[in-house]
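[1] Would you be able to build a 3D model of this:
(one chain, ligands or ions: 1)
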Amino acid sequence: MYKEQQSKNDAFHVAIVMDGNGRWATNQNKPRFLGHQAGAERVREIVETAVKMDIDILTLYAFSSDNWMRPKPEVDFLMHLFSMYLKSEIQRCLKNNIRLSIIGRRDRLKPSIVKLIEKAEEKTKKGTQLHLRVAIDYSSRYNIVESIIKYKDQMNDENLQNLSEKLNMTNVDFLIRTGGEQRLSDFLLWECAYAELYFSDIFWPDFSEQNFREAMDEFYNRDRRFGMIPVAIAI
Ligand code: FPP
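    A predicted model of the protein is given here:
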């Protein structure tokens, strides 16, 4: 059902900015790191729901390049969480036929994390049910500039779509941001050219399967035109 809403020939791609972990924790008089921990648990449920909903690609914003500016203990804790996640999720991914990839820069990550990423990607590379992409040290602007530098000689109007695919810049159909803010924060700027946007006030650790399904229902009810006019009046 949701797949009918996707842009022609593209995989159905949902992206999520998982915001609100810190405020979720602060509201409960807990330290911020517990918000991230609860957020990581929520990731599992949402990934399982994405599988049930037949989503092809799910991209999650876990750590932006700007997040390096957070206090060191918080950054360290997040890196610890990612390591734990990469170790623990391989089996779950294999069981559910999920391919796991990490997008973003690797040159500033600890070698031990890069090793875990490479291992998880290698072990799950045959997964076909869902392509789960987690963005770590990710900046969309950086990605675009890097791509221009690398492929500037091949860029022209005709091959822009082919190039997008080559660069793993697949169109996003639906972008969800939790936590009440309404901005993109340097996430998938190119890929979101035609994305439907959905903002929820719910903090990420509270964003349930039900909330995800409600968001998808709203997507399903939107009229996507890609710059055209509705078929009924196109005579
Ligand atoms: C934004 O909330 C969230 C992050 C910067 C980290 C996201 C990480 C997770 C959801 C957990 C780990 C993920 C995986 C894939 C294991 P915030 O801290 O900016 O919240 P605030 O705006 O309320 O301060």
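[2] out of everything not next to it in sequence, what's closest to residue 68?
    With sequence-adjacent residues excluded and distances taken as Cβ to Cβ, 6 or more residues apart in numbering, residue 68 is closest to residue 75, at 6.4 Å. Where you see a C-beta, it was placed from the backbone N, CA and C, and this is true even at glycine.
[3] Against the ligand, how distant is the one you found?
    10 Å (Cβ to the nearest ligand atom, to the nearest Å).
[4] Need the phi and psi values for that residue.
    Dihedral pair for residue 75: phi -60, psi -50, per degrees, to the nearest 10.
[5] Next one, pLDDT for it please.
    Looking at residue 75, its pLDDT reads 98.
[6] what do you get for residue 226?
    For residue 226, pLDDT reads 73.
[7] wait, isn't it in contact with residue 193?
    No. At 9.5 Å, residue 226 does not count as touching residue 193 under the criterion of Cβ atoms under 8 Å.
[8] So for the two, which residue has more residues nearby?
    The neighbour comparison of residue 226 against residue 193 (other Cβ atoms under 10 Å) goes to residue 193, with 13 against 8.
[9] quick check, that one in a helix?
    No. The assignment for residue 193 (DSSP: H, G, I helix; E, B strand; the rest coil) gives coil, which keeps it out of a helix.
[10] Nearest residue to it in space, please, no chain neighbours.
    In space, residue 193 is closest to residue 171, 7.1 Å off (Cβ to Cβ, 6+ apart).
[11] so what's the backbone phi/psi at the one you found?
    Reported as degrees, to the nearest 10, the phi and psi values for residue 171 are phi -50, psi 140.
[12] what sits against it?
    7, 10, 13, 164, 191, 193-195 (Cβ atoms under 8 Å, 6 or more residues apart in numbering).
[13] which among those residues gets closest to residue 99?
    Taking Cβ to Cβ as the measure, residue 99 lies nearest residue 13 of those, at 13.5 Å.
[14] The closest one contacts residue 57, doesn't it?
    Yes. Between residue 13 and residue 57 there is a contact at 4.1 Å, judged by Cβ under 8 Å.
[15] shared neighbours, the two?
    Common neighbours of residue 13 and residue 57 (Cβ under 8 Å, 6+ apart) are residue 170.
[16] Please produce JSON lines containing the contacts of residue 171, extended by distance to the ligand and pLDDT.
    Output for these, formatted as JSON lines (distance: Cβ to the nearest ligand atom, whole Å; pLDDT from 0 to 100):
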{"residue": "7", "distance to the ligand": "26", "pLDDT": "48"}
{"residue": "10", "distance to the ligand": "24", "pLDDT": "72"}
{"residue": "13", "distance to the ligand": "17", "pLDDT": "97"}
{"residue": "164", "distance to the ligand": "24", "pLDDT": "78"}
{"residue": "191", "distance to the ligand": "19", "pLDDT": "95"}
{"residue": "193", "distance to the ligand": "24", "pLDDT": "93"}
{"residue": "194", "distance to the ligand": "25", "pLDDT": "93"}
{"residue": "195", "distance to the ligand": "20", "pLDDT": "96"}
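[17] Which pair in those residues has the greatest spatial separation?
    164 and 195 (13.5 Å).
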